[in-house]
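A.B. asks: Need the 3D shape of this:
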Amino acid sequence: MSKICFVINSFDIGGIERVIVTLCNGLCKHHHVDLITLKNHGALKETLSCNVNIVDFCNIKARNLVKPLLLYLNKNKPDYIVTSIWPITVLSHIAIKKAKSDVKQIVTHHALFDLENKKNIIADFCTKKIIAFFYNRAYKVLAVSVSVKRFLQNIGVKVVSVMYNPFDTEQRKLNVKKELVNAVQYEKYFVFVGRLAKIKNVPLILKAFSRFILDSEYKEYNLLIIGDGPEKDSLIQTAQNLGISEKTFFLGSKTYPEAFIKNAQAVLMASFSEAMPVTVLESFGFNVPVVSTPASGCLDIFNLLGYSWHTNSFDNAEEYCSLMKYVVSHKDEFPDMASRVEENYGLEKILDLWNEVLA
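C.D. replies: Take a look at the predicted model:
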């Protein structure tokens, strides 16, 4: 049995936070697991196993992490510390170097370098150099997809392994029940789940949907937008401008979006960049098709599982609309995608791989 420590900002809803909570819940069955949180609040807290020990750093800012983490390491002496979030990874490395223990740092990298950051060439260059410097001094570096591994290698990280995010089928089924009543009231609909930021390219979805419902055959369909972010007001205005505001519902963030995914005609994604989108796995895990742009993380999953409904560009609303019509009209013909998700991303398989890393 190993003593493992994970570090997160908070229990607020987010892709990385969901993955870490899932891993903690699985690994605590055979290891001692501590979960350090800088802010001990958020909806995901209620999904954490009682066998995971929460270490509350009392609402500190990330930049002040080194001192309390050093105290924790010297007192508790974990075998491994797992970090996933920038700049927590760098600050954790500094604390480890000062600690009177032999803790090993495992870095999990969940993102491609956001296109939004490339507006500042100097910051882009410096950040990549810092990533390579600190990652090359970690015990293990784990990338969540082939695309992320390739990105890290391209910026100078020498040794990278792929460790897919786990998909907990049984927990997802339980989560469906918590929002099922709210989901079924919309009947036929498409759904987007994610952060409402420019990189998610949600205006393409709105434009494609406006074309989709022009066809009299599809007038009864709705579009659900699950998530919050800086672009929300702009997207609401776009929906009004396109004349689809009465068919488009902005539902905010959901702790349990699974019911909305399971009952959708298809899940819609349009990102410029995705590393390893869990929403795609959730969709296929419920045998729900995904319409997507050619973001590399989506393509990694499509190529592995053998299913693909993606456009050739990031701005062609007509092409996107055609794919929406295709998946709706052929949905009954699609194969069993859930079994392929379980085979490649199932929780028990990923936990076995983690146990090999921790051996």
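A.B. asks: which residues touch the helix or strand hosting residue 181?
C.D. replies: Assigning secondary structure by DSSP states H and E places residue 181 in helix 169-184. Around helix 169-184, the neighbours that count as contacts under C-beta atoms under 8 Å, 6 or more residues apart in numbering are 22, 25, 47, 254-260, 262-263, 282, 285-286, 338, 341-342, 346-347. C-betas here are computed from N, CA, C, even on glycine.
A.B. asks: got it, and stretch 289-298?
C.D. replies: Among residues not part of stretch 289-298, those counted as contacts by C-beta under 8 Å, 6+ apart are 112, 145, 147-148, 201, 204, 266-277, 279-280, 283-284, 302, 307, 309-314, 320, 323-324, 327, 331, 334, 337.
A.B. asks: Please repeat the previous calculation with a cut-off of 7 Å.
C.D. replies: Contact with stretch 289-298 is made by 112, 145, 147, 201, 266-277, 280, 283-284, 309-312, 314, 320, 323-324, 327, 331, 334, as judged by C-beta atoms under 7 Å, 6 or more residues apart in numbering.
A.B. asks: What subset of those residues is buried?
C.D. replies: Among these, those classed as buried by neighbour count (16 or more other C-beta atoms under 10 Å) are 112, 145, 147, 201, 266-277, 280, 283-284, 309-311, 320, 323-324, 327.
A.B. asks: How about the contacts made by residue 168?
C.D. replies: For residue 168, counting by C-beta under 7 Å, 6+ apart, the contacting residues are 22, 347.
A.B. asks: I'd like to know how far it sits from residue 256.
C.D. replies: 13 Å (C-beta to C-beta, to the nearest Å).
A.B. asks: And residue 88, by the same measure?
C.D. replies: In this structure, residue 88 lies at 26 Å from residue 256, with C-beta to C-beta as the measure.
A.B. asks: on that earlier part again, narrow the contacts of helix 169-184 to those in helices?
C.D. replies: In this view, the contacts of helix 169-184 that belong to helices under DSSP state H are 22, 25, 258, 259, 260, 262, 282, 285, 338, 341, 342, 347.
A.B. asks: Now do the same contact list for the second one.
C.D. replies: What that stands for is residue 25. When the contact criterion is C-beta under 7 Å, 6+ apart, the partners of residue 25 are 48, 49, 52.
A.B. asks: What of the first one?
C.D. replies: When contacts are counted by C-beta under 7 Å, 6+ apart, residue 22 is found next to 166, 168.
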